[in-house]
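Student: Sequence first, predicted model second:
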Amino acid sequence: MIDGPYCVLTVLGVLGAGLTAGVFCAFSTFVMRGLAALPPAQGIAAMNSINKAAVRPPFMAVFLGTAVLAAVIAVVTFVLWPEEAAIELLLGSALYLIGSFGVTAAANVPRNTALLEVEPGSAQAADRWTAYVREWTAWNHVRTIASAAAAVAYVLALR
């Protein structure tokens, strides 16, 4: 079993990845469904407002802090290569860094940026909104699963 500061890092990794998974899960299971039920102009305006609110310190501290923590855990694991839990620690870090942080940067944020350019009342808004909801939510499912799996991998490292 890992112990000391390494254990603390791993417990923080469980907490951060789990909290992030919970936020993403909420969007996948009911927030996006609720927004999709709105008329396109209202859905676009609401999602743009949510996207602006998301980049505030409370969520970003958890989301980015966990990415930094996952990177630290991976580096420390490569350097020390503990007899136990190395695979679980590296897997948890990779899942979070690639599946949560990486997918956010490569898939969700570009869609958010493109949504800002859609005029909510325009003729093309309905088609753009429908595509946005479908694509954004699909990638969000990936982030949800990756974050939850990262938390599980970190938990397994603690056994």
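Tutor: Thanks, I have it.
Student: which secondary structure element contains residue 65?
Tutor: helix 57-80 (DSSP states H and E).
Student: got the buried residues for that helix?
Tutor: 62, 63, 66, 67, 69, 70, 73, 74, 76, 77 (16 or more other CB atoms under 10 Å). Every residue, glycine included, has its C-beta placed from N, CA and C.
Student: which other helices and strands contact the very next helix or strand once past it?
Tutor: Tracing the chain past helix 57-80, the next element assigned as helix or strand by DSSP H and E is helix 86-94. Applying 3 or more CB pairs under 8 Å, 6 or more residues apart in numbering; DSSP states H and E, one finds that helix 86-94 contacts helix 4-26, helix 57-80, helix 125-157.
Student: Quick one: these as a markdown table, columns for mean pLDDT and distance to residue 35 too.
Tutor: Listed next are the helices and strands packed on helix 86-94 as a markdown table, based on pLDDT from 0 to 100; distance: least, CB to CB, whole Å:
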| stretch | mean pLDDT | distance to residue 35 |
| --- | --- | --- |
| helix 4-26 | 96 | 12 |
| helix 57-80 | 96 | 17 |
| helix 125-157 | 98 | 7 |
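Student: Neighbours of residue 1, how many?
Tutor: 9 (other CB atoms under 10 Å).
Student: got a list of what it touches?
Tutor: 7, 84, 85, 158, 159 (CB atoms under 8 Å, 6 or more residues apart in numbering).
Student: For the residue most central in space within the chain, which non-adjacent residue is spatially closest?
Tutor: Centroid-nearest residue in the chain, with CA atoms, centre = their mean: residue 100, separated by 4.1 Å. Closest residue to residue 100 apart from its sequence neighbours, by CB to CB, 6 or more residues apart in numbering: residue 147 at 4.5 Å.
Student: Which one of the helices and strands packed on helix 86-94 lies nearest to residue 118?
Tutor: Minimum separation from residue 118 across these (CB to CB) falls at helix 125-157, 4.9 Å.
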